[in-house]
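*Asks:* model this:
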Amino acid sequence: MPNEMREFLLDKIQNEKAEIYTKSETRHNKYDKDNRVVGQTVFSMDDDESHGTQKFFYLSGPILDTLESGGTLFVDEFDARLHPNLVVKLFSLFNSPIHNKQGAQLVVSAQNSIFLQAERLRKDQVWFVEKDRYEASHIYSLADFKSVKVRKSENFESNYLKGKYGATPYLNALDSFENLVCEEERTWPQER
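*Replies:* Okay, here's the model as predicted:
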């Protein structure tokens, strides 16, 4: 949490005996049939909001704190449960000289190839993890590829999805659905 907010809250708690809420809530407008606001309803962040809204809410504090302090934030599966446009917007805060004046860094694991669009990241900011046939993981950067093989003007996202840089899942087993179905399941539809 940003220092100013932390100090404000501590002052409120200590000097004004403020109430402390342990549950987060959001408020949403209610509308009548003519789309006029007629009131509000309260949602529990944990019980009523979507997983994406919850994740965004819980990430917002660490993101703001990291941008303010100039630290490094590590997030596993950064893109999980978040809309791609929101992911890109949050990600862009760290590449913005306006919003990231302290040189904060964001290190994420992600499955969304949208990060590979050339205007979003430099080649040295993109790293891949690939498992070999013995299931050992190897890490390497897009910058490790010679410039003849990977030009700045290339569509990194498309090339990655085509397998040019490796680090893509093994999907051959899905080519034959029969390999995935056990003997008991094969006979089930005919028995009905």
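*Asks:* Stretch 51-63: which residues count as buried?
*Replies:* For stretch 51-63, the neighbour count (16 or more other CB atoms under 10 Å) marks 54, 55, 56, 59, 63 as buried. For the C-beta atoms, the positions are set from N, CA and C on the backbone; glycine is no exception.
*Asks:* pretty sure the first one contacts residue 45?
*Replies:* Looking back up the chat, that one is residue 54. Yes - with contact defined as CB atoms under 8 Å, residue 54 reaches residue 45; the gap is 6.1 Å.
*Asks:* Show the contacting residues for residue 103.
*Replies:* residue 70 (CB atoms under 8 Å, 6 or more residues apart in numbering).
*Asks:* Please state the backbone phi and psi of it?
*Replies:* With angles defined as degrees, to the nearest 10, residue 103 sits at phi 70, psi 30.
*Asks:* And it, how far from residue 82?
*Replies:* 24 Å (CB to CB, to the nearest Å).
*Asks:* same thing with residue 138?
*Replies:* 28 Å.
*Asks:* So between those two, which is more surrounded?
*Replies:* Neighbours were counted for residue 138 and for residue 82 using other CB atoms under 10 Å; residue 82 has more, 20 against 11.
*Asks:* host element of residue 63?
*Replies:* helix 51-69 (DSSP states H and E).
*Asks:* moving C-terminal of that helix, what's the next helix or strand?
*Replies:* Following helix 51-69 toward the C-terminus (DSSP H and E): strand 72-75.
*Asks:* so what does that next one touch, helix or strand wise?
*Replies:* Applying 3 or more CB pairs under 8 Å, 6 or more residues apart in numbering; DSSP states H and E, we find strand 72-75 packed against helix 51-69, strand 105-108.
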